[in-house]
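Chemist: structure, please.
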Amino acid sequence: MAKSSIKIRAKIKKGACEVKALMKHPMETGQRKNKKTGKKIPAHFIQEVNCTHNGQSVLAAEWGGAISTNPYLSFIFDGAKKGESVTISWLDNQGGKDSMTAKIK
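Modeler: Numbers count the residues shown, from 1 in each chain. Below is the predicted model:
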């Protein structure tokens, strides 16, 4: 992918790192039908989301088709410092993947 599908911000707040991420993805369940053809739209959704900080996993999630289009994720973890970085990555059920790194402010 030339342009990342992830927008991420990380900020130290009250001694913990707050991470906010917006992922651009269609998140199709496989249950909807195309209005013109009547055929089902194939399932296309993010299955795995991971976040690392200093090589350590701070979040691992398994998602399914019930997550909304362009999902937003927010979480907090301890042990981070300003200037360090966090990386979020995802993998979908069709083999697509993306990742983005942000410096903690």
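Chemist: going by C-alpha atoms from here, please, whenever you check contacts or count neighbours.
Modeler: Will do.
Chemist: where does pLDDT dip in this protein?
Modeler: Applying pLDDT under 70 to the chain flags residues 1-2.
Chemist: hey, what's Arg9 bridged with?
Modeler: Lys20 (DSSP bridges).
Chemist: these two touch, right, it and Lys20?
Modeler: Yes: assessed by Cα atoms under 8 Å, Arg9 is found in contact with Lys20 at 5.3 Å.
Chemist: spit out the residues that contact the two alike.
Modeler: When Cα atoms under 8 Å, 6 or more residues apart in numbering defines a contact, no residue borders Arg9 and Lys20 alike.
Chemist: what sits against Glu84?
Modeler: Counting by Cα under 8 Å, 6+ apart, Glu84 makes contact with His53, Asn54, Lys103, Ile104.
Chemist: neighbours of Met27, how many?
Modeler: Neighbourhood size, Met27 [other Cα atoms under 10 Å]: 21.
Chemist: do Gln94 as well
Modeler: With other Cα under 10 Å as criterion, Gln94 counts 12.
Chemist: and what of Ala80?
Modeler: Neighbour count of Ala80, defined by other Cα under 10 Å: 19.
Chemist: with adjacent residues omitted, what lies nearest to it?
Modeler: Using Cα to Cα, 6 or more residues apart in numbering and skipping the chain neighbours, the partner closest in space to Ala80 is Cys17 (6.0 Å).
Chemist: just to revisit the earlier point, the contacts of Glu84 in strands, which ones?
Modeler: The members of the contacts of Glu84 that map onto strands under DSSP state E are His53, Lys103.
Chemist: turn the contacts of Glu84 into JSON lines, columns for neighbour count and distance to Gly96.
Modeler: Output for the contacts of Glu84, formatted as JSON lines (neighbours: other Cα atoms under 10 Å; distance: Cα to Cα, whole Å):
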{"residue": "His53", "neighbour count": "17", "distance to Gly96": "23"}
{"residue": "Asn54", "neighbour count": "11", "distance to Gly96": "24"}
{"residue": "Lys103", "neighbour count": "15", "distance to Gly96": "24"}
{"residue": "Ile104", "neighbour count": "18", "distance to Gly96": "27"}
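Chemist: which one of the contacts of Glu84 is nearest Asp92?
Modeler: Nearest to Asp92 among these is His53, at 21.8 Å by Cα to Cα.
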